[in-house]
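Colleague: The sequence isn't on hand, but the structure is:
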């Protein structure tokens, strides 16, 4: 099944399961799972939380029952014992349908933040200024090349240009 090993962020997991991040972290700690939110584990945890909330099952028991139910997904409706005298019927196909809809919604709307710091505002403004200049029809190739150089290299190029201009002025002679 594709996507079984894809990872989910804690925020995405929280949105999919409609549970607080702290509840999810506590559930992972209680079950002894590492805090890597893999799609298959989150799917199973979602069913386990529903079973625990609906039938008052301890999380470990609900986790086992959720695993059993998801293993028999082809059967559609799965009957599992919960306790000594109760049997619960789980419509696995409906749960998986709900899961898929929530997963698609979260993947589309709740994309995770990128790694690292957000871009520096001055750098973003400079990029926007170059884009605006290009749209206005200005050739910014030389400017972009200059910006790729270090400040020392830019200063050296400026000094060479100044020497060139002085040499031209000396050849031309005094202004008339």
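Modeller: Structure received. Being a predicted model, the structure only gives us computed values, none of them experimental. Residues are numbered from 1 along each chain as shown.
Colleague: what does the longest helix along the chain rub up against?
Modeller: The single longest helix within the chain, with elements called by DSSP state H, is helix 151-172. With contact meaning C-beta atoms under 8 Å, 6 or more residues apart in numbering, helix 151-172 is reached by 146, 149. Every C-beta, even on glycine, is put in place using the N, C-alpha and C of the backbone.
Colleague: repeat that with 10 Å
Modeller: 146, 147, 148, 149, 150, 175 (C-beta atoms under 10 Å, 6 or more residues apart in numbering).
Colleague: I'd like the distance from the third one to residue 120, if you could.
Modeller: Using C-beta to C-beta, to the nearest Å, one gets 17 Å for the distance from residue 148 to residue 120.
Colleague: what's the answer for the fourth one, then?
Modeller: With distances defined as C-beta to C-beta, the gap from residue 149 to residue 120 amounts to 19 Å.
Colleague: For these two, indicate the residue with more neighbours.
Modeller: residue 149 (12 against 9; other C-beta atoms under 10 Å).
Colleague: Not counting sequence-adjacent ones, nearest residue to that one?
Modeller: residue 157 (7.4 Å; C-beta to C-beta, 6 or more residues apart in numbering).
Colleague: Quick check: the one you found vs residue 170, distance?
Modeller: 21 Å.
Colleague: Name the residue in those two with the higher neighbour count.
Modeller: Legend: neighbour count by other C-beta under 10 Å for residue 157 and residue 170, higher for residue 157 (12 against 9).
Colleague: Tell me the confidence at that one?
Modeller: Listed pLDDT for residue 157 reads 89.
Colleague: quick one: the helices in the protein?
Modeller: 10-17, 21-31, 39-55, 59-71, 92-109, 121-136, 141-148, 151-172.
Colleague: what's the domain layout of the protein?
Modeller: Per automatic domain parsing, the structural domains of the chain span 7-109, 121-172.
Colleague: Ok, which of these comes nearest residue 115?
Modeller: Closest to residue 115 of the domains of the chain, according to C-beta to C-beta: domain 7-109, at 11.3 Å.
Colleague: Now do that closest one: distance from first to last residue.
Modeller: 16 Å (C-alpha to C-alpha, to the nearest Å).
Colleague: show me where pLDDT drops low in this structure?
Modeller: For the chain, the stretches with pLDDT under 70 are 1-6, 83, 110-114, 119, 123-127, 175-176.
Colleague: Distance to residue 93 added to the contacts of helix 151-172, as CSV?
Modeller: Listed next are the contacts of helix 151-172 as CSV, based on distance: C-beta to C-beta, whole Å:
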residue, distance to residue 93
146, 62
147, 57
148, 57
149, 62
150, 62
175, 90
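Colleague: The helices of the chain: which one's closest to residue 77?
Modeller: helix 92-109 (7.2 Å).
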